[in-house]
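Student: got a predicted model here, sequence first, then my questions.
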Amino acid sequence: MKLTLLGSGVRAPFVLKGLAAEPDALGLDEVVLHDTDPERLELMTALGSHLCAEWKTGFTVRGEPDPKAALADARFVFSAIRPGQEGARVVDEELPLKHGVLGQETTGPGGFAMALRTIPAMLGYARLIEDVAPDALLVNFTNPVGIVVQALHDHSSVDAVGVCDGPVAMQESVARFLGLSRDRVYADYFGLNHCGWIHRVLVDGRDRLPELLNRFGELQATDEQWMLFDPPLVREIGMLPMEYLYFYYYRDQALDHIRGSGSSRARQLLTLNDALWPVLRARIDAGDLPGARATWERAMVERGETYFARERGQPLEADVVEAGDIFEGEGYEGVATAMMAAVVERRKATLILNVPNRGAIGGLRDDDVVEVTCLADEHGAHPIAQGQMPDAPLALVGQVKLYERLAVSAALEGSYDAALDALLAHPLVASYPIAKALLDGYMEELGELLPALR
């Protein structure tokens, strides 16, 4: 059985580790890496092959620059592409800051710019999948995840689900706080990608959410992801918010912190990756694969330890002397692997995924792609009914969903007006002069990376 990884950036080894964790369940013979950047493809193939040999995975790893050959006869496709790479992300995030708007690669204008250039690329791959691997399941981690899956659902016949590591990190955190393994804790989750809430936590049939809300201050002390939110706010919401809701509930504070840091997360990662690739090149050319692994691990530790620090207003220094086990814990790759294992082994798994709503969340359209608790099995992912959202969260989700749909239309129609409407609809913009300045700025700075807007 063959799996194809679209996008061979610095996080590719995490995907390989997730696959290595379930070698028997997936029955993979071959993992094929593809990237439009030949050097990144070569280096990640070499490092990935070395790691998989150490892990004794049982499947081979090879690189393939031709996308059609890479996808041909794949049973699974994992997507993590980034058109324009880190340089375009810098523009995505820093242009809004000049106009007093949050800059972030998925939430707000940054996600909009990335969606405009990513949707056409993803639909191009979808056409190839329809042609050479029509039975493949596409597991998408390409950002912005929810918008990309919406485009795939509306404009292709590819079977696609989206994965995110945010909800699973929330569930793991709650389980640790309660002193339980994660499989003992069932979480009902609803919303959109990077805009959702846990609204029920079942342990042995009893809802522990009221206890978690009452003890939220104690929960904060165990995991910094909860430190973003004041306990009175969380109790007023009556649900556990995922960390990206910080940008909505604390918009001005987040903006002040990012601008006060003097840079952006995108520029930080650009600097980190620009330093990493030449060292990997030198280590791999010298045949020093263990050295290449150590270099990559140190860079990933620094990346991880500074995650969300800028947004919280915390120091950005990271101690990377000892990398430790960089693969400890389960992120998006674990969710992706569990989804694929459910298909192959014909077993049921409860996972939080991005899928068409199909009535799971009241007040949204059936074909709205949402992030929701699902039952996964050999037939795919089935959203579990979550009922009606409280009015305030539903209003936010509805507004963001409107923006997402307009962004998809703009990317596919090449419509300047639809693009302007999308930015104007987004609750973090909601200003015609700013929306127009942002759109015109992106068109000027990103140029041919964006579809031609008329």
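Tutor: Right, received. Where do you want to start?

Student: drop to CA atoms for contacts and neighbour counts, all remaining ones
Tutor: Noted.

Student: go ahead and confirm residue 163 touches residue 355.
Tutor: No. Using C-alpha atoms under 8 Å, residue 163 makes no contact with residue 355, being 9.4 Å away.

Student: so what's the model's average confidence on stretch 56-71?
Tutor: Averaging pLDDT along stretch 56-71 yields 96.

Student: how about stretch 33-51?
Tutor: Stretch 33-51 shows a mean pLDDT of 98.

Student: so residue 104, which of the three states?
Tutor: coil (DSSP: H, G, I helix; E, B strand; the rest coil).

Student: need the strands for the stretch 301-450 of the chain, in chain order.
Tutor: 349-356, 361-362, 369-377, 380-383, 387-388 (DSSP state E, counting those that start in this stretch).

Student: go on, the stretch 51-200 of the chain?
Tutor: Under DSSP E, counting those that start in this stretch, the stretch 51-200 of the chain gives strands at 60-63, 76-79, 137-140, 159-162, 186-192, 195-203.

Student: identify each buried residue in stretch 64-77, please.
Tutor: 64, 65, 67, 68, 70, 71, 72, 73, 74, 75, 76, 77 (16 or more other C-alpha atoms under 10 Å).

Student: same deal with stretch 48-68?
Tutor: Using 16+ other C-alpha under 10 Å as the test for burial, stretch 48-68 gives 48-52, 57, 59-65, 67-68.

Student: pull the most distant pair out of the buried residues of stretch 64-77.
Tutor: Farthest-apart pair in the buried residues of stretch 64-77 is 65 and 75; separation 18.7 Å (C-alpha to C-alpha).

Student: where does pLDDT dip in this protein?
Tutor: Scanning the chain for pLDDT under 70 picks out 317-325, 328-330.

Student: burial count for residue 448?
Tutor: 11 (other C-alpha atoms under 10 Å).

Student: before we move on, what SS does residue 277 have?
Tutor: Assigned with three-state DSSP, residue 277 falls in the helix class.

Student: give the contact list for it.
Tutor: Applying C-alpha atoms under 8 Å, 6 or more residues apart in numbering, we find residue 277 in contact with residue 40.

Student: from residue 9, how far off is it?
Tutor: 10 Å (C-alpha to C-alpha, to the nearest Å).

Student: do the same with residue 184
Tutor: 34 Å.

Student: residue 17 too?
Tutor: Taken as C-alpha to C-alpha, the span from residue 17 to residue 9 is 15 Å.

Student: check contacts around the nearest residue to residue 15 once chain neighbours are set aside.
Tutor: Nearest residue to residue 15, sequence neighbours excluded (C-alpha to C-alpha, 6 or more residues apart in numbering): residue 333, at 5.1 Å. Residue 333 is in contact with 14, 15, 17, 18, 19, counting by C-alpha under 8 Å, 6+ apart.

Student: so how many other residues sit close to the nearest residue to the third one once chain neighbours are set aside?
Tutor: Leaving aside its sequence neighbours, residue 17 sits nearest to residue 327 (C-alpha to C-alpha, 6+ apart; 7.4 Å). Residue 327 has 13 neighbouring residues, counting by other C-alpha under 10 Å.

Student: re the thing from before, tabulate the strands of the stretch 301-450 of the chain (a markdown table), appending distance to residue 190 and mean neighbour count.
Tutor: Below are the strands of the stretch 301-450 of the chain laid out as a markdown table (distance: least, C-alpha to C-alpha, whole Å; neighbours: other C-alpha atoms under 10 Å):
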| stretch | distance to residue 190 | mean neighbour count |
| --- | --- | --- |
| strand 349-356 | 9 | 26 |
| strand 361-362 | 7 | 19 |
| strand 369-377 | 5 | 26 |
| strand 380-383 | 10 | 22 |
| strand 387-388 | 9 | 12 |
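
Student: would you turn the ones you listed into a markdown table with distance to residue 434?
Tutor: Output for those, formatted as a markdown table (distance: least, C-alpha to C-alpha, whole Å):
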| stretch | distance to residue 434 |
| --- | --- |
| strand 349-356 | 30 |
| strand 361-362 | 32 |
| strand 369-377 | 28 |
| strand 380-383 | 37 |
| strand 387-388 | 34 |
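
Student: which one of the ones you listed lies closest to residue 26?
Tutor: When the strands of the stretch 301-450 of the chain are compared for distance to residue 26 using C-alpha to C-alpha, the nearest one is strand 369-377, at 13.3 Å.

Student: how distant is the closest one from the center of its chain?
Tutor: Relative to its parent chain, strand 369-377 has a centroid offset of 15 Å by C-alpha atoms, centre = their mean, to the nearest Å.

Student: many thanks, we can stop here.
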